[in-house]
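Provide a 3D model corresponding to the input given below.
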Amino acid sequence: METISVDSEYQDKAGYAHGIYTTLSADRSSFLDRARTASQITIPSLLPEQGHTGASILPTPFQSIGAEGVNNLASKLLLSLLPPNSPFFRLVINDAELEALVSDQKGEVEETLAKIERMITQEIEVRAFRVPISEALKQLLVAGNVLLYLTPKDQMRVFRLDRYVVKRDSMGNVLKIVIKESLSPLSLPENAKKLLPEPEQDELPMGNVDLYTCVKWTGRNWTILQELEGEIVPGSEGTYPKNKSPFLALRFTHIDGEDYGRGFVEEYIGDLKSLETLTKAIVEGSAAAAKVLFLVRPNGTTRIKTLADSPNGAIVSGDDQDVSTLQLQKSADFRVAQETIRTLSERLSRVFLMNSSVRRDAERVTAEEIRIAYQELEIALGGVYSILSQEFQLPLVQLLMHKMQKEKKLPKFPDESLKPLIVTGVEALGRGQDLNELAGFLQHLAPLGSETAIRELNVNEYISRLAASLGIDTEGLLKTDEQKQQEQQAMMKQQEQLEERQMMGKVIGDVAPEMAKNAMQQPQQ
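Numbers count the residues shown, from 1 in each chain. This next block holds a predicted model:
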(Lines give C-alpha, C1' and ligand atoms only; values in the text may rest on other atoms or scores of the structure.)
Protein backbone atom coordinates (compact mmCIF):
# COMPACT_ATOMS: atom_id res chain seq x y z
CA MET A 1 0.00 0.00 0.00
CA GLU A 2 1.23 3.45 -0.94
CA THR A 3 0.72 6.30 1.56
CA ILE A 4 -1.15 9.33 0.21
CA SER A 5 -2.57 12.56 1.54
CA VAL A 6 -6.29 12.74 2.22
CA ASP A 7 -8.10 14.20 -0.78
CA SER A 8 -10.57 17.07 -0.61
CA GLU A 9 -13.61 14.79 -0.60
CA TYR A 10 -12.57 13.34 2.75
CA GLN A 11 -11.25 16.59 4.21
CA ASP A 12 -14.48 18.51 3.67
CA LYS A 13 -16.72 15.89 5.26
CA ALA A 14 -16.25 14.88 8.87
CA GLY A 15 -17.62 11.40 9.46
CA TYR A 16 -17.55 10.59 5.74
CA ALA A 17 -17.19 6.81 6.18
CA HIS A 18 -19.85 6.73 8.90
CA GLY A 19 -22.24 8.58 6.60
CA ILE A 20 -21.69 6.15 3.73
CA TYR A 21 -22.19 3.19 6.05
CA THR A 22 -25.46 4.60 7.39
CA THR A 23 -26.76 5.37 3.89
CA LEU A 24 -25.90 2.00 2.37
CA SER A 25 -27.20 0.09 5.41
CA ALA A 26 -30.76 0.81 4.26
CA ASP A 27 -30.15 -1.02 0.97
CA ARG A 28 -28.59 -3.93 2.86
CA SER A 29 -31.42 -4.43 5.38
CA SER A 30 -33.65 -6.68 3.24
CA PHE A 31 -30.72 -8.92 2.27
CA LEU A 32 -29.62 -9.08 5.90
CA ASP A 33 -33.08 -10.10 7.12
CA ARG A 34 -33.31 -12.95 4.60
CA ALA A 35 -29.80 -14.07 5.47
CA ARG A 36 -30.64 -14.22 9.18
CA THR A 37 -33.76 -16.24 8.44
CA ALA A 38 -31.68 -18.72 6.43
CA SER A 39 -29.12 -18.89 9.23
CA GLN A 40 -31.74 -19.66 11.90
CA ILE A 41 -32.83 -22.91 10.19
CA THR A 42 -29.33 -24.04 9.18
CA ILE A 43 -26.44 -22.83 11.36
CA PRO A 44 -27.63 -20.00 13.67
CA SER A 45 -24.11 -18.97 14.68
CA LEU A 46 -23.18 -17.95 11.13
CA LEU A 47 -25.30 -14.78 11.19
CA PRO A 48 -26.94 -14.12 14.61
CA GLU A 49 -29.38 -11.35 15.39
CA GLN A 50 -28.24 -7.79 15.98
CA GLY A 51 -26.77 -7.22 19.44
CA HIS A 52 -25.62 -10.81 19.79
CA THR A 53 -22.79 -11.46 22.24
CA GLY A 54 -20.97 -14.54 23.43
CA ALA A 55 -23.45 -14.85 26.32
CA SER A 56 -26.52 -14.78 24.06
CA ILE A 57 -28.54 -17.96 23.55
CA LEU A 58 -28.92 -18.96 19.92
CA PRO A 59 -32.04 -20.68 18.56
CA THR A 60 -31.81 -24.44 18.08
CA PRO A 61 -33.35 -25.92 14.91
CA PHE A 62 -35.42 -29.09 15.22
CA GLN A 63 -33.83 -30.60 12.09
CA SER A 64 -30.18 -31.01 11.12
CA ILE A 65 -30.53 -31.35 7.34
CA GLY A 66 -29.81 -27.66 6.86
CA ALA A 67 -26.61 -27.63 8.92
CA GLU A 68 -25.39 -30.93 7.50
CA GLY A 69 -26.09 -29.78 3.95
CA VAL A 70 -24.28 -26.45 4.37
CA ASN A 71 -21.21 -28.12 5.90
CA ASN A 72 -21.18 -30.82 3.22
CA LEU A 73 -21.55 -28.44 0.29
CA ALA A 74 -18.97 -26.01 1.74
CA SER A 75 -16.45 -28.86 2.02
CA LYS A 76 -17.05 -29.93 -1.58
CA LEU A 77 -16.69 -26.36 -2.84
CA LEU A 78 -13.46 -25.94 -0.87
CA LEU A 79 -11.96 -29.09 -2.38
CA SER A 80 -13.05 -28.02 -5.84
CA LEU A 81 -11.86 -24.41 -5.64
CA LEU A 82 -8.63 -25.16 -3.73
CA PRO A 83 -7.66 -28.76 -4.47
CA PRO A 84 -4.93 -30.01 -2.12
CA ASN A 85 -1.43 -30.53 -3.52
CA SER A 86 -2.53 -29.34 -6.95
CA PRO A 87 -2.56 -25.85 -8.51
CA PHE A 88 -6.03 -24.53 -9.27
CA PHE A 89 -4.66 -22.23 -11.97
CA ARG A 90 -2.18 -22.09 -14.81
CA LEU A 91 0.11 -19.25 -15.82
CA VAL A 92 -0.01 -18.47 -19.52
CA ILE A 93 1.93 -15.91 -21.54
CA ASN A 94 0.37 -13.87 -24.33
CA ASP A 95 0.44 -15.10 -27.92
CA ALA A 96 2.90 -12.49 -29.17
CA GLU A 97 5.62 -13.46 -26.69
CA LEU A 98 4.83 -17.16 -27.13
CA GLU A 99 5.42 -16.93 -30.90
CA ALA A 100 8.69 -15.06 -30.33
CA LEU A 101 10.12 -18.00 -28.41
CA VAL A 102 12.25 -20.58 -30.14
CA SER A 103 10.83 -24.09 -30.12
CA ASP A 104 13.49 -25.39 -27.74
CA GLN A 105 12.78 -22.49 -25.30
CA LYS A 106 9.08 -23.27 -24.92
CA GLY A 107 9.78 -26.30 -22.79
CA GLU A 108 11.99 -24.29 -20.44
CA VAL A 109 9.35 -21.54 -20.18
CA GLU A 110 6.62 -24.05 -19.37
CA GLU A 111 8.81 -25.66 -16.73
CA THR A 112 9.50 -22.25 -15.15
CA LEU A 113 5.80 -21.35 -15.14
CA ALA A 114 4.95 -24.69 -13.53
CA LYS A 115 7.52 -23.99 -10.81
CA ILE A 116 5.94 -20.58 -10.11
CA GLU A 117 2.50 -22.20 -9.94
CA ARG A 118 3.75 -24.64 -7.32
CA MET A 119 5.31 -21.81 -5.31
CA ILE A 120 2.04 -19.84 -5.22
CA THR A 121 0.07 -22.97 -4.30
CA GLN A 122 2.56 -23.71 -1.52
CA GLU A 123 2.16 -20.13 -0.29
CA ILE A 124 -1.58 -20.73 0.14
CA GLU A 125 -0.89 -23.84 2.20
CA VAL A 126 1.77 -22.13 4.33
CA ARG A 127 -0.46 -19.16 5.13
CA ALA A 128 -3.31 -21.53 6.16
CA PHE A 129 -5.97 -19.87 4.04
CA ARG A 130 -8.23 -22.91 4.02
CA VAL A 131 -9.74 -22.28 7.46
CA PRO A 132 -11.01 -18.74 6.76
CA ILE A 133 -12.02 -19.69 3.20
CA SER A 134 -14.09 -22.58 4.55
CA GLU A 135 -15.88 -20.14 6.87
CA ALA A 136 -16.37 -17.75 3.95
CA LEU A 137 -17.96 -20.48 1.83
CA LYS A 138 -20.47 -21.22 4.59
CA GLN A 139 -21.32 -17.53 4.72
CA LEU A 140 -21.83 -17.53 0.96
CA LEU A 141 -24.13 -20.53 1.08
CA VAL A 142 -26.28 -19.11 3.89
CA ALA A 143 -26.04 -15.31 3.59
CA GLY A 144 -24.98 -15.07 -0.05
CA ASN A 145 -22.32 -12.44 0.73
CA VAL A 146 -18.98 -12.26 2.54
CA LEU A 147 -15.95 -9.98 2.60
CA LEU A 148 -12.37 -11.28 2.70
CA TYR A 149 -9.41 -9.13 3.71
CA LEU A 150 -5.80 -10.19 3.30
CA THR A 151 -3.89 -8.36 6.03
CA PRO A 152 -0.32 -7.05 5.64
CA LYS A 153 0.75 -9.86 7.99
CA ASP A 154 -0.45 -12.46 5.44
CA GLN A 155 -3.51 -13.40 7.45
CA MET A 156 -7.03 -13.61 6.06
CA ARG A 157 -10.01 -12.07 7.87
CA VAL A 158 -13.67 -12.84 7.19
CA PHE A 159 -16.35 -10.17 7.62
CA ARG A 160 -20.01 -11.17 7.85
CA LEU A 161 -22.73 -9.31 6.00
CA ASP A 162 -23.77 -7.38 9.12
CA ARG A 163 -20.28 -5.84 9.41
CA TYR A 164 -19.86 -4.18 6.02
CA VAL A 165 -21.72 -2.49 3.17
CA VAL A 166 -20.86 -2.46 -0.52
CA LYS A 167 -21.84 -0.43 -3.56
CA ARG A 168 -21.50 -1.79 -7.10
CA ASP A 169 -22.01 -0.37 -10.58
CA SER A 170 -24.44 -1.74 -13.16
CA MET A 171 -21.90 -4.38 -14.25
CA GLY A 172 -21.40 -5.64 -10.71
CA ASN A 173 -17.96 -4.10 -10.20
CA VAL A 174 -17.25 -2.86 -6.66
CA LEU A 175 -17.20 0.92 -6.22
CA LYS A 176 -17.21 1.35 -2.42
CA ILE A 177 -16.77 -0.84 0.64
CA VAL A 178 -17.21 0.37 4.22
CA ILE A 179 -16.40 -1.94 7.14
CA LYS A 180 -17.63 -1.31 10.67
CA GLU A 181 -15.70 -2.86 13.57
CA SER A 182 -16.58 -2.52 17.25
CA LEU A 183 -13.25 -2.70 19.06
CA SER A 184 -11.95 -2.18 22.52
CA PRO A 185 -9.86 1.01 22.92
CA LEU A 186 -7.03 -1.14 24.26
CA SER A 187 -6.75 -3.03 20.93
CA LEU A 188 -6.46 0.11 18.80
CA PRO A 189 -3.08 1.18 17.38
CA GLU A 190 -1.32 4.09 19.01
CA ASN A 191 -2.15 6.56 16.24
CA ALA A 192 -5.87 5.76 16.64
CA LYS A 193 -5.83 6.01 20.45
CA LYS A 194 -4.84 9.66 20.14
CA LEU A 195 -8.30 10.45 18.74
CA LEU A 196 -10.07 9.16 21.86
CA PRO A 197 -10.69 11.38 24.90
CA GLU A 198 -8.19 10.69 27.64
CA PRO A 199 -9.83 8.95 30.62
CA GLU A 200 -9.44 10.19 34.15
CA GLN A 201 -6.79 8.68 36.36
CA ASP A 202 -9.17 6.35 38.23
CA GLU A 203 -11.62 5.87 35.35
CA LEU A 204 -12.00 2.44 33.79
CA PRO A 205 -11.46 2.05 30.02
CA MET A 206 -14.50 3.11 28.04
CA GLY A 207 -16.66 0.62 26.07
CA ASN A 208 -16.12 -0.48 22.50
CA VAL A 209 -15.68 2.17 19.83
CA ASP A 210 -16.63 1.96 16.15
CA LEU A 211 -13.79 1.94 13.64
CA TYR A 212 -14.78 2.48 10.00
CA THR A 213 -12.62 1.39 7.07
CA CYS A 214 -13.56 2.93 3.73
CA VAL A 215 -12.31 1.51 0.41
CA LYS A 216 -13.18 3.42 -2.77
CA TRP A 217 -12.48 2.93 -6.48
CA THR A 218 -11.43 6.20 -8.14
CA GLY A 219 -11.29 4.92 -11.72
CA ARG A 220 -7.49 4.56 -11.61
CA ASN A 221 -6.76 2.88 -8.28
CA TRP A 222 -8.19 2.03 -4.88
CA THR A 223 -8.07 4.54 -2.01
CA ILE A 224 -8.40 3.51 1.61
CA LEU A 225 -8.67 5.27 4.97
CA GLN A 226 -9.88 4.57 8.48
CA GLU A 227 -12.17 6.75 10.57
CA LEU A 228 -12.65 6.86 14.34
CA GLU A 229 -14.94 9.18 16.28
CA GLY A 230 -15.61 11.17 13.10
CA GLU A 231 -11.88 11.81 12.53
CA ILE A 232 -9.50 10.21 10.05
CA VAL A 233 -6.92 7.98 11.73
CA PRO A 234 -3.45 9.44 11.03
CA GLY A 235 -1.38 7.24 8.72
CA SER A 236 -4.33 5.12 7.57
CA GLU A 237 -4.64 6.71 4.13
CA GLY A 238 -3.26 4.84 1.14
CA THR A 239 -3.82 3.48 -2.34
CA TYR A 240 -3.76 0.09 -4.05
CA PRO A 241 -3.20 -0.57 -7.78
CA LYS A 242 -5.90 -2.02 -9.94
CA ASN A 243 -6.55 -5.74 -9.32
CA LYS A 244 -4.32 -5.56 -6.22
CA SER A 245 -6.87 -4.61 -3.55
CA PRO A 246 -6.73 -6.93 -0.49
CA PHE A 247 -10.52 -6.56 -0.01
CA LEU A 248 -12.57 -9.20 -1.87
CA ALA A 249 -16.35 -8.67 -1.69
CA LEU A 250 -17.72 -12.09 -2.68
CA ARG A 251 -21.30 -13.07 -3.53
CA PHE A 252 -22.89 -16.40 -4.26
CA THR A 253 -25.09 -15.30 -7.15
CA HIS A 254 -24.98 -12.35 -9.52
CA ILE A 255 -28.27 -10.48 -9.91
CA ASP A 256 -28.27 -7.56 -12.32
CA GLY A 257 -28.79 -4.23 -10.63
CA GLU A 258 -28.31 -5.48 -7.04
CA ASP A 259 -25.34 -4.70 -4.81
CA TYR A 260 -25.57 -7.98 -2.90
CA GLY A 261 -25.97 -11.61 -3.85
CA ARG A 262 -28.40 -14.20 -2.57
CA GLY A 263 -27.47 -17.38 -0.77
CA PHE A 264 -27.92 -20.97 -1.83
CA VAL A 265 -30.12 -21.66 1.19
CA GLU A 266 -32.50 -18.88 0.19
CA GLU A 267 -33.38 -20.76 -3.00
CA TYR A 268 -34.68 -23.70 -0.93
CA ILE A 269 -35.96 -21.79 2.07
CA GLY A 270 -39.50 -23.13 1.52
CA ASP A 271 -38.50 -26.77 1.89
CA LEU A 272 -36.34 -25.97 4.91
CA LYS A 273 -39.14 -24.08 6.66
CA SER A 274 -41.62 -26.88 5.92
CA LEU A 275 -39.18 -29.47 7.21
CA GLU A 276 -38.52 -27.40 10.34
CA THR A 277 -42.27 -27.03 11.09
CA LEU A 278 -43.09 -30.70 10.50
CA THR A 279 -40.09 -31.92 12.48
CA LYS A 280 -41.04 -29.67 15.39
CA ALA A 281 -44.61 -31.04 15.31
CA ILE A 282 -43.38 -34.64 15.21
CA VAL A 283 -40.91 -34.10 18.05
CA GLU A 284 -43.47 -32.39 20.28
CA GLY A 285 -46.14 -34.95 19.38
CA SER A 286 -43.77 -37.82 20.09
CA ALA A 287 -42.92 -36.31 23.47
CA ALA A 288 -46.64 -36.10 24.28
CA ALA A 289 -47.23 -39.66 23.08
CA ALA A 290 -44.33 -40.94 25.17
CA LYS A 291 -45.95 -39.68 28.36
CA VAL A 292 -47.69 -42.54 30.20
CA LEU A 293 -50.86 -41.73 32.18
CA PHE A 294 -53.18 -44.27 33.88
CA LEU A 295 -56.82 -43.30 34.23
CA VAL A 296 -58.93 -44.78 37.06
CA ARG A 297 -62.71 -44.71 37.06
CA PRO A 298 -63.81 -42.29 39.80
CA ASN A 299 -66.58 -44.57 41.11
CA GLY A 300 -64.79 -47.86 40.48
CA THR A 301 -63.73 -50.45 43.03
CA THR A 302 -60.00 -50.02 42.27
CA ARG A 303 -58.34 -47.56 44.61
CA ILE A 304 -55.85 -45.07 43.17
CA LYS A 305 -53.55 -45.31 46.20
CA THR A 306 -53.42 -49.10 45.95
CA LEU A 307 -52.48 -48.87 42.29
CA ALA A 308 -49.83 -46.20 42.85
CA ASP A 309 -48.16 -47.82 45.87
CA SER A 310 -48.12 -51.40 44.62
CA PRO A 311 -44.74 -52.71 43.46
CA ASN A 312 -44.23 -54.52 40.18
CA GLY A 313 -45.78 -58.02 40.25
CA ALA A 314 -47.88 -57.37 43.38
CA ILE A 315 -51.31 -58.93 43.82
CA VAL A 316 -54.00 -56.38 44.68
CA SER A 317 -57.76 -56.28 44.58
CA GLY A 318 -59.40 -54.31 41.78
CA ASP A 319 -61.18 -54.39 38.45
CA ASP A 320 -59.28 -54.00 35.20
CA GLN A 321 -62.27 -52.22 33.72
CA ASP A 322 -61.64 -49.37 36.13
CA VAL A 323 -58.10 -48.69 34.80
CA SER A 324 -57.12 -47.52 31.29
CA THR A 325 -54.10 -45.86 29.62
CA LEU A 326 -54.32 -42.45 27.95
CA GLN A 327 -53.47 -42.71 24.23
CA LEU A 328 -53.25 -40.04 21.54
CA GLN A 329 -54.64 -42.16 18.68
CA LYS A 330 -52.65 -40.01 16.20
CA SER A 331 -50.51 -42.68 14.53
CA ALA A 332 -52.20 -42.17 11.14
CA ASP A 333 -51.61 -38.41 11.30
CA PHE A 334 -48.01 -38.93 12.34
CA ARG A 335 -47.51 -41.30 9.39
CA VAL A 336 -48.56 -38.61 6.92
CA ALA A 337 -46.16 -36.14 8.51
CA GLN A 338 -43.35 -38.69 8.46
CA GLU A 339 -43.83 -39.36 4.75
CA THR A 340 -43.72 -35.62 4.01
CA ILE A 341 -40.57 -35.26 6.12
CA ARG A 342 -38.94 -38.13 4.25
CA THR A 343 -39.75 -36.53 0.88
CA LEU A 344 -38.41 -33.13 1.96
CA SER A 345 -35.27 -34.68 3.43
CA GLU A 346 -34.49 -36.57 0.23
CA ARG A 347 -35.05 -33.48 -1.88
CA LEU A 348 -32.84 -31.29 0.28
CA SER A 349 -30.13 -33.96 0.54
CA ARG A 350 -30.06 -34.13 -3.22
CA VAL A 351 -29.58 -30.38 -3.75
CA PHE A 352 -26.91 -30.26 -1.02
CA LEU A 353 -24.96 -33.05 -2.80
CA MET A 354 -25.13 -35.55 0.04
CA ASN A 355 -23.89 -38.98 -1.00
CA SER A 356 -26.85 -40.84 0.47
CA SER A 357 -29.25 -38.99 -1.83
CA VAL A 358 -27.25 -39.91 -4.93
CA ARG A 359 -27.57 -43.65 -4.34
CA ARG A 360 -30.91 -45.03 -5.47
CA ASP A 361 -32.90 -47.31 -3.19
CA ALA A 362 -32.17 -50.77 -4.56
CA GLU A 363 -30.39 -53.98 -3.62
CA ARG A 364 -27.67 -53.59 -6.25
CA VAL A 365 -26.37 -50.16 -7.19
CA THR A 366 -23.39 -49.92 -9.49
CA ALA A 367 -20.58 -47.43 -9.00
CA GLU A 368 -21.26 -46.09 -12.49
CA GLU A 369 -24.80 -45.11 -11.50
CA ILE A 370 -23.53 -43.22 -8.47
CA ARG A 371 -20.84 -41.47 -10.54
CA ILE A 372 -23.28 -40.35 -13.25
CA ALA A 373 -25.87 -39.09 -10.76
CA TYR A 374 -23.22 -37.29 -8.74
CA GLN A 375 -21.74 -35.65 -11.82
CA GLU A 376 -25.16 -34.37 -12.89
CA LEU A 377 -25.49 -32.65 -9.53
CA GLU A 378 -21.98 -31.20 -9.81
CA ILE A 379 -22.78 -29.75 -13.24
CA ALA A 380 -25.82 -28.04 -11.72
CA LEU A 381 -23.39 -25.90 -9.67
CA GLY A 382 -21.59 -24.63 -12.76
CA GLY A 383 -22.91 -21.10 -12.24
CA VAL A 384 -21.50 -21.06 -8.71
CA TYR A 385 -18.05 -22.04 -9.97
CA SER A 386 -18.20 -19.33 -12.66
CA ILE A 387 -18.75 -16.40 -10.33
CA LEU A 388 -16.34 -17.68 -7.67
CA SER A 389 -13.58 -18.21 -10.23
CA GLN A 390 -13.85 -14.60 -11.39
CA GLU A 391 -14.45 -12.89 -8.04
CA PHE A 392 -12.42 -15.12 -5.72
CA GLN A 393 -9.87 -17.43 -7.35
CA LEU A 394 -8.51 -15.06 -9.98
CA PRO A 395 -8.16 -12.00 -7.66
CA LEU A 396 -6.58 -14.20 -4.99
CA VAL A 397 -3.88 -15.41 -7.38
CA GLN A 398 -3.21 -11.89 -8.64
CA LEU A 399 -2.96 -10.56 -5.10
CA LEU A 400 -0.61 -13.34 -3.98
CA MET A 401 1.61 -12.83 -7.01
CA HIS A 402 1.79 -9.10 -6.25
CA LYS A 403 2.69 -9.73 -2.59
CA MET A 404 5.30 -12.37 -3.43
CA GLN A 405 6.89 -10.05 -5.99
CA LYS A 406 7.11 -7.28 -3.38
CA GLU A 407 8.72 -9.76 -0.99
CA LYS A 408 11.10 -10.80 -3.81
CA LYS A 409 9.90 -14.37 -3.69
CA LEU A 410 8.93 -14.10 -7.35
CA PRO A 411 10.53 -12.17 -10.21
CA LYS A 412 8.62 -9.19 -11.58
CA PHE A 413 6.89 -9.71 -14.90
CA PRO A 414 5.81 -7.05 -17.41
CA ASP A 415 2.14 -6.12 -17.19
CA GLU A 416 -0.22 -8.12 -19.41
CA SER A 417 2.57 -10.55 -20.32
CA LEU A 418 1.65 -13.24 -17.80
CA LYS A 419 -1.92 -14.05 -16.85
CA PRO A 420 -3.35 -16.72 -14.52
CA LEU A 421 -5.94 -19.07 -15.99
CA ILE A 422 -8.28 -20.89 -13.58
CA VAL A 423 -8.39 -24.65 -14.27
CA THR A 424 -10.77 -25.83 -11.51
CA GLY A 425 -14.49 -25.33 -11.05
CA VAL A 426 -16.18 -24.96 -14.44
CA GLU A 427 -12.98 -25.90 -16.27
CA ALA A 428 -12.77 -29.11 -14.26
CA LEU A 429 -16.40 -29.91 -15.10
CA GLY A 430 -15.59 -29.40 -18.78
CA ARG A 431 -12.66 -31.80 -18.55
CA GLY A 432 -14.92 -34.30 -16.81
CA GLN A 433 -17.39 -34.08 -19.69
CA ASP A 434 -14.57 -34.70 -22.16
CA LEU A 435 -13.56 -37.77 -20.17
CA ASN A 436 -17.09 -39.16 -20.38
CA GLU A 437 -17.20 -38.56 -24.13
CA LEU A 438 -13.86 -40.31 -24.63
CA ALA A 439 -15.07 -43.29 -22.61
CA GLY A 440 -18.30 -43.43 -24.62
CA PHE A 441 -16.32 -43.23 -27.87
CA LEU A 442 -14.29 -46.30 -26.89
CA GLN A 443 -17.44 -48.19 -25.97
CA HIS A 444 -18.88 -47.53 -29.43
CA LEU A 445 -15.64 -48.80 -31.00
CA ALA A 446 -15.71 -52.03 -28.99
CA PRO A 447 -18.00 -53.98 -31.42
CA LEU A 448 -15.45 -53.40 -34.22
CA GLY A 449 -12.82 -55.35 -32.33
CA SER A 450 -9.66 -54.31 -30.55
CA GLU A 451 -7.41 -54.86 -33.59
CA THR A 452 -9.50 -52.57 -35.79
CA ALA A 453 -9.67 -49.90 -33.06
CA ILE A 454 -5.90 -49.95 -32.53
CA ARG A 455 -5.25 -49.83 -36.28
CA GLU A 456 -7.57 -46.86 -36.88
CA LEU A 457 -6.98 -44.96 -33.61
CA ASN A 458 -4.11 -42.57 -32.99
CA VAL A 459 -3.09 -43.90 -29.59
CA ASN A 460 -0.71 -41.04 -28.76
CA GLU A 461 -3.37 -38.41 -29.38
CA TYR A 462 -5.93 -40.38 -27.38
CA ILE A 463 -3.57 -40.66 -24.42
CA SER A 464 -2.84 -36.91 -24.56
CA ARG A 465 -6.56 -36.03 -24.58
CA LEU A 466 -7.26 -38.51 -21.81
CA ALA A 467 -4.55 -36.96 -19.61
CA ALA A 468 -5.88 -33.46 -20.35
CA SER A 469 -9.42 -34.45 -19.37
CA LEU A 470 -8.08 -35.86 -16.11
CA GLY A 471 -5.95 -32.78 -15.47
CA ILE A 472 -2.69 -34.77 -15.42
CA ASP A 473 0.61 -33.16 -16.37
CA THR A 474 2.19 -35.55 -18.87
CA GLU A 475 5.63 -33.92 -18.80
CA GLY A 476 8.11 -36.65 -17.95
CA LEU A 477 5.29 -39.21 -17.88
CA LEU A 478 4.87 -39.97 -21.58
CA LYS A 479 7.78 -40.98 -23.77
CA THR A 480 9.07 -38.42 -26.24
CA ASP A 481 9.77 -39.20 -29.90
CA GLU A 482 13.51 -39.27 -29.19
CA GLN A 483 13.03 -41.78 -26.37
CA LYS A 484 10.86 -43.96 -28.59
CA GLN A 485 13.47 -43.85 -31.36
CA GLN A 486 16.27 -44.74 -28.94
CA GLU A 487 14.25 -47.63 -27.52
CA GLN A 488 13.47 -48.85 -31.03
CA GLN A 489 17.14 -48.71 -32.00
CA ALA A 490 18.09 -50.54 -28.80
CA MET A 491 15.51 -53.24 -29.52
CA MET A 492 16.75 -53.59 -33.10
CA LYS A 493 20.33 -53.90 -31.89
CA GLN A 494 19.30 -56.44 -29.27
CA GLN A 495 17.43 -58.41 -31.93
CA GLU A 496 20.46 -58.38 -34.20
CA GLN A 497 22.68 -59.64 -31.39
CA LEU A 498 20.17 -62.37 -30.64
CA GLU A 499 20.08 -63.43 -34.29
CA GLU A 500 23.90 -63.46 -34.39
CA ARG A 501 24.04 -65.68 -31.32
CA GLN A 502 21.45 -68.01 -32.81
CA MET A 503 23.37 -68.22 -36.09
CA MET A 504 26.63 -68.83 -34.24
CA GLY A 505 24.98 -71.55 -32.23
CA LYS A 506 23.68 -73.19 -35.38
CA VAL A 507 27.10 -73.11 -37.00
CA ILE A 508 28.70 -74.58 -33.91
CA GLY A 509 26.00 -77.23 -33.82
CA ASP A 510 26.77 -78.25 -37.40
CA VAL A 511 30.55 -78.25 -37.00
CA ALA A 512 30.80 -79.82 -33.55
CA PRO A 513 30.09 -83.49 -34.59
CA GLU A 514 32.73 -83.43 -37.32
CA MET A 515 35.27 -81.89 -34.95
CA ALA A 516 34.50 -84.52 -32.34
CA LYS A 517 34.85 -87.31 -34.91
CA ASN A 518 38.23 -85.99 -36.02
CA ALA A 519 39.38 -85.70 -32.43
CA MET A 520 38.54 -89.36 -31.80
CA GLN A 521 40.32 -90.60 -34.93
CA GLN A 522 43.52 -88.68 -34.22
CA PRO A 523 44.58 -90.71 -31.13
CA GLN A 524 43.94 -93.96 -32.97
CA GLN A 525 46.33 -92.93 -35.78
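
what's in contact with the host helix or strand of I224?
Using DSSP states H and E, I224 maps to strand 222-228. Residues from elsewhere that reach strand 222-228 (C-beta atoms under 8 Å, 6 or more residues apart in numbering): 1, 4, 6-7, 10, 15-18, 188, 192, 195-196, 209-216, 232-233, 236-242, 244-245, 247. Any C-beta I mention is one placed from the backbone N, CA and C, and that applies to glycine too.

Would you list the strands that whatever helix or strand comes next after it pairs with, along with their directions?
Of the helices and strands lying after strand 222-228 in sequence (DSSP H and E), the nearest is strand 231-232. Note on strand 231-232: by DSSP bridges, its sheet partners are strand 222-228 (antiparallel).

Report how many residues lie close to K280.
When neighbours are defined as other C-beta atoms under 10 Å, K280 has 13 of them.

which residues sit in contact with the spatially closest residue to S39 that is not a sequence neighbour?
Sequence neighbours aside, L47 is the residue nearest to S39 in space, at 4.0 Å (criterion: C-beta to C-beta, 6 or more residues apart in numbering). Residues counted as contacts of L47 (C-beta under 8 Å, 6+ apart) are 32, 35-36, 38-39, 139, 142-143, 160-162.

10 Å - rerun?
By C-beta atoms under 10 Å, 6 or more residues apart in numbering, the contact set of L47 is 32, 35-40, 138-139, 142-143, 145, 160-162, 263.

which SS state does the closest residue to R90 other than its chain neighbours fall under?
Excluding the flanking residues, the one nearest R90 by C-beta to C-beta, 6+ apart is L421, at 4.7 Å. Here L421 is recorded as strand under DSSP: H, G, I helix; E, B strand; the rest coil.

three-state assignment of L295?
With three-state DSSP as the criterion, L295 reads strand.

okay, it: pLDDT?
Per-residue pLDDT puts L295 at 86.

my guess is it contacts V323, does it?
Yes: here L295 reaches V323: they are 7.1 Å apart, a contact under C-beta atoms under 10 Å.

of those two, who's got more company?
V323 (15 against 10).

Give me the neighbour count for S324.
12.

Quick check: phi and psi on L399?
phi -70, psi -40 (degrees, to the nearest 10).

Contact partners for it?
148, 150, 240, 243-248 are the contacts of L399 under C-beta under 10 Å, 6+ apart.

CSV please, covering those residues and showing neighbour count and distance to P395.
Formatted as CSV, the contacts of L399 follow (neighbours: other C-beta atoms under 10 Å; distance: C-beta to C-beta, whole Å):
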residue, neighbour count, distance to P395
L148, 23, 9
L150, 21, 10
Y240, 19, 12
N243, 11, 7
K244, 17, 9
S245, 23, 8
P246, 20, 10
F247, 22, 10
L248, 19, 6
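
Any chance of TSV for these, columns secondary structure and distance to S417?
Output for these, formatted as TSV (DSSP: H, G, I helix; E, B strand; the rest coil; distance: C-beta to C-beta, whole Å):
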residue	secondary structure	distance to S417
L148	strand	27
L150	strand	24
Y240	strand	21
N243	coil	14
K244	coil	16
S245	coil	21
P246	coil	23
F247	strand	26
L248	strand	24
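
Closest one to V336 out of the residues you listed, please.
L148 (46.0 Å; C-beta to C-beta).

Y240 versus the closest residue to that closest one other than its chain neighbours, what's the distance?
Once flanking residues are discounted, L148 sits nearest to L248: 4.3 Å by C-beta to C-beta, 6+ apart. Distance of L248 to Y240, given as C-beta to C-beta, to the nearest Å: 12 Å.

that older thread, from the contacts of L399, which has minimum pLDDT?
Ranked by pLDDT, the contacts of L399 bottom out at N243 (83).

Show me where the stretch 51-200 of the chain has its strands.
89-93, 145-150, 156-159, 164-168, 174-183 (DSSP state E, counting those that start in this stretch).

highest average neighbour count across the ones you listed?
Each of these was scored by mean neighbour count; the highest is strand 145-150, a mean of 24, by mean count of other C-beta atoms under 10 Å.

Each with direction, which strands does that strand pair with?
strand 156-159 (antiparallel), strand 247-251 (antiparallel).

quick one, the last one and strand 164-168 angle?
In terms of direction (axes from the mean of the first three to the mean of the last three C-alpha atoms, to 10 degrees), strand 247-251 departs from strand 164-168 by 80 degrees.
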